[in-house]
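Colleague: Curious how this folds, go ahead:
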Amino acid sequence: MFKNHPKGLIPAALSNMGERFGYYIMNAVLLLFLCSKFGLSDETSGIIYSVFYALIYVLSLFGGFVADRTQNYKGTIMAGLVVMASGYVLLSIPIMSTASNIGWLLPFTCFALLLIAFGNGLFKGNLQAIVGQLYDNFEAEAAKKGPEAVKAVQGKRDSGFQIFYVFINVGGLVAPFIAPYLRQWWLGTKGLLYNAELPALCHKFIENRAGMTGEESSNLVKLMHDVGGNVNDMAAACTGYLDAFNTGVHYSFIASVVAMLISLVIFVAYKRIFPTPAKKEAAAAVEYTAEEKAAMGKEIKQRMYALFAVLGIAIFFWFSFHQNGQSLSVFARDFVKTDSIAPEIWQAVNPFFVIVLTPIIMWIFGVLGRRGKTISTPRKIAYGMFIAGLAYLFLMIFSLVNHYPSGEQFKLMSVTAKESMKAGPWVLIVTYFFLTVAELFISPLGLSFVSKVAPKHLQGVCQGLWLGATAVGNLLIWIGPLMYNKMPLWECWGVFLAVCLVSMGVMLGMVKWLERVTGE
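Modeller: Modelled structure (predicted):
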């Protein structure tokens, strides 16, 4: 799996793994943390989450522009890690949200998220550009040795980005356990137990106890009793529970700071073996004739058209896939039996499947390649959209059969009625299995596709464009919780199914053209 790849691949992947570990600690809990800390609705928290997630990728375009213009990819990457660490430091400060301080505390939290997004923008696309340049150099060296050497490195770029992606998900596998563990540990020091439904009821009691229904009041008393709170002084019990519930999450962000610093140390230690894409191309450009430059200009234009076509499909994939931090998180919280497992931890299922399934998928692609049945990267992306659709088809049928109402209607039901409707954890496992296979057909191969079509002097910008398309998809993901709370669940999942199938059809319609442009 790791043989015959550029020697800088593993250090780059390890540096990325450290950064992703810190990021996924925060990302696993962000939506639910905003709800529990500030008493925000799922929809409002979803909008903040969507904007933050979009900024991560929009700012990658800016980060790529900075690195391309300054020709300082490595310095930009290191600056990004420092800025991200600063944002996590601010998030780790455990300040209790109250009616008197929410006016500045919520903007303060959003500013910390902005720092994380900005630092990520400086880091993410530029590290991917360096990995792409590793393979440019690797393939150029093979070309000097002759046809046999060229044949030996064919397909290595796709598999290299898949390996790079596995390391991302090693961090993503462990990270979702950190914040829930620390939260439950801190609750335990206060003699309390974890319950995902209680923060919303606590906020409602503190802010508008007169507006609570009889069902909500009885649910609050029952749940507070179950977790060990003092039901005789409900105001103090609610305040204390919210403080303990959220303080543990704040402490988990300290682990994110440490992860950023480890990633920085790894990158600095191996800095000298990483190439600098823009400098290499600038040196080569002086050798082109006017005719060669004109031909290159036409080819670059075709490649950019192909890039933007694939970016359009990527928008709809990420809109559907990143529901794992939005509607799928609240689905896990509300409709799935997670008696001893926090809903955030289910996000670890996806990276687990990435790690397990990547070698299998690489082996399948390798066997097909050796038999002369290589599947082109654009066709793999189309198949990935179909597989993502299967995840939502499964959820749609399951929700229809079980007569699941909207999330809003479900919350108004009694505790007993809700418990009787909850599904087993296997539902999430099946859903994440399909979504993960789809991801492996699209995300790492999309990075590989961009590195193939990107003009050499614009590699940072083009990787930023891929991430920018991801940003647009992420900017739309707030629609997921909105539909989840307003529609019967089968209709909500049906919308995502339709998005995936339409995107697959469009991609298949462009496959032959994209294959011509990329020479596949």
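
Colleague: Next secondary structure element downstream of the helix ranked longest in the chain?
Modeller: As assigned by DSSP state H, the longest helix anywhere in the chain is helix 102-145. Going down the chain from helix 102-145, the next helix or strand is helix 147-153, by DSSP states H and E.

Colleague: which strands and helices sit next to that following helix?
Modeller: For helix 147-153, the packing partners by 3 or more C-beta pairs under 8 Å, 6 or more residues apart in numbering; DSSP states H and E come out as helix 102-145. The way it works is simple: take the backbone N, C-alpha and C, and place the C-beta from them, glycine included.

Colleague: Check which helices and strands the helix it packs on is in contact with.
Modeller: Packing partners of helix 102-145 (3+ C-beta pairs under 8 Å, 6+ apart): helix 9-38, helix 42-70, helix 73-91, helix 147-153, helix 156-189, helix 277-285, helix 426-453, helix 459-475.

Colleague: Give me the distance from the longest helix of the chain to the chain's centre.
Modeller: 13 Å (C-alpha atoms, centre = their mean, to the nearest Å).

Colleague: Determine how far stretch 506-515 lies from the middle of the whole chain.
Modeller: The mean C-alpha position of stretch 506-515 is separated from the chain mean by 26 Å, C-alpha atoms, centre = their mean.

Colleague: Please identify the buried residues of it?
Modeller: 507-508, 510-511, 514 (16 or more other C-beta atoms under 10 Å).

Colleague: Those into JSON lines, with extra columns for pLDDT and secondary structure?
Modeller: What follows is the buried residues of stretch 506-515, written out as JSON lines (pLDDT from 0 to 100; DSSP: H, G, I helix; E, B strand; the rest coil):
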{"residue": "507", "pLDDT": "84", "secondary structure": "helix"}
{"residue": "508", "pLDDT": "87", "secondary structure": "helix"}
{"residue": "510", "pLDDT": "83", "secondary structure": "helix"}
{"residue": "511", "pLDDT": "81", "secondary structure": "helix"}
{"residue": "514", "pLDDT": "78", "secondary structure": "helix"}
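
Colleague: Pick the most buried one from the helices and strands packed on helix 102-145.
Modeller: Among the helices and strands packed on helix 102-145, helix 459-475 has the highest mean neighbour count (mean count of other C-beta atoms under 10 Å), at a mean of 26.

Colleague: helices or strands up against the following helix or strand past that helix?
Modeller: Once helix 459-475 ends, the next helix or strand along the chain (criterion: DSSP H and E) is helix 479-486. Judged by 3+ C-beta pairs under 8 Å, 6+ apart, helix 479-486 is in contact with helix 42-70, helix 327-335, helix 407-411, helix 489-518.

Colleague: For residue 434, find the nearest of these.
Modeller: helix 489-518 (10.3 Å; C-beta to C-beta).

Colleague: quick check: angle from the closest one to helix 426-453?
Modeller: 20 degrees (axes from the mean of the first three to the mean of the last three C-alpha atoms, to 10 degrees).

Colleague: Report the distance from helix 489-518 to the chain centre.
Modeller: Counting by C-alpha atoms, centre = their mean, helix 489-518 comes out at 20 Å from the chain centroid.

Colleague: how many degrees apart are it and helix 479-486 in direction?
Modeller: Here the directions of helix 489-518 and helix 479-486 differ by 160 degrees (the same axes, to 10 degrees).

Colleague: gap between residue 85 and residue 404?
Modeller: Using C-beta to C-beta, to the nearest Å, we find residue 85 at a distance of 42 Å from residue 404.

Colleague: Who are the contact partners of residue 431?
Modeller: Taking C-beta atoms under 8 Å, 6 or more residues apart in numbering, we find residue 431 in contact with 328, 391, 394-395.

Colleague: for the chain, what helix or strand is lowest in average pLDDT?
Modeller: Lowest on mean pLDDT, DSSP states H and E among the helices and strands of the chain sits helix 277-285, with a mean of 47.

Colleague: Excluding residues flanking it in the chain, which one is nearest the most centrally placed residue in the chain?
Modeller: In the chain, the C-alpha nearest the mean C-alpha coordinate belongs to residue 322, at 6.3 Å (C-alpha atoms, centre = their mean). Sequence neighbours aside, residue 477 is the residue nearest to residue 322 in space, at 5.0 Å (criterion: C-beta to C-beta, 6 or more residues apart in numbering).

Colleague: wait, the one you found sits on residue 46?
Modeller: Yes - contact criterion C-beta atoms under 8 Å: residue 477 and residue 46 qualify, at 7.3 Å.

Colleague: Overlap of the contact sets of these two?
Modeller: Listed as contacting both residue 477 and residue 46 by C-beta under 8 Å, 6+ apart are residue 326.

Colleague: and of the helices and strands packed on helix 479-486, who's closest to residue 174?
Modeller: Using C-beta to C-beta, the nearest of the helices and strands packed on helix 479-486 to residue 174 is helix 327-335, at 18.2 Å.

Colleague: phi, psi of residue 423?
Modeller: Phi and psi for residue 423, reported as degrees, to the nearest 10, are phi -90, psi 170.

Colleague: so what's the residue lying closest to it once chain neighbours are set aside up against?
Modeller: Computed as C-beta to C-beta, 6+ apart, the closest residue to residue 423 that is not its neighbour in sequence is residue 336, at 5.4 Å. By C-beta under 8 Å, 6+ apart, residue 336 lies in contact with 343, 346, 422-425, 427-428.

Colleague: what mean pLDDT does the longest helix of the chain have?
Modeller: With pLDDT averaged residue by residue, helix 102-145 scores 87.

Colleague: quick one: that helix to helix 426-453, angle?
Modeller: Using the same axes, to 10 degrees, helix 102-145 lies at 50 degrees relative to helix 426-453.

Colleague: With residue 408 as the reference, measure out to the closest residue in space to residue 405 that isn't next to it in sequence.
Modeller: The spatially closest residue to residue 405, leaving aside those adjacent along the chain, is residue 488, at 6.0 Å (C-beta to C-beta, 6+ apart). Separation of residue 488 from residue 408 (C-beta to C-beta) stands at 11 Å.

Colleague: Residue 489: neighbour count?
Modeller: 25 (other C-beta atoms under 10 Å).

Colleague: scratch that, residue 207
Modeller: There are 12 residues near residue 207, going by other C-beta under 10 Å.

Colleague: Now for residue 44: which residues touch it?
Modeller: So residue 44 contacts residue 34 (C-beta under 8 Å, 6+ apart).

Colleague: give me that answer again for 10 Å
Modeller: When contacts are counted by C-beta atoms under 10 Å, 6 or more residues apart in numbering, residue 44 is found next to 34-35, 38, 478, 481.

Colleague: Ok, residue 92 next?
Modeller: Counted by C-beta under 10 Å, 6+ apart, residue 92 has contacts 26, 112, 249-257.

Colleague: Residue 108 touches residue 87, doesn't it?
Modeller: No - Residue 108 is beyond contact range of residue 87, at 11.3 Å (criterion: C-beta atoms under 10 Å).
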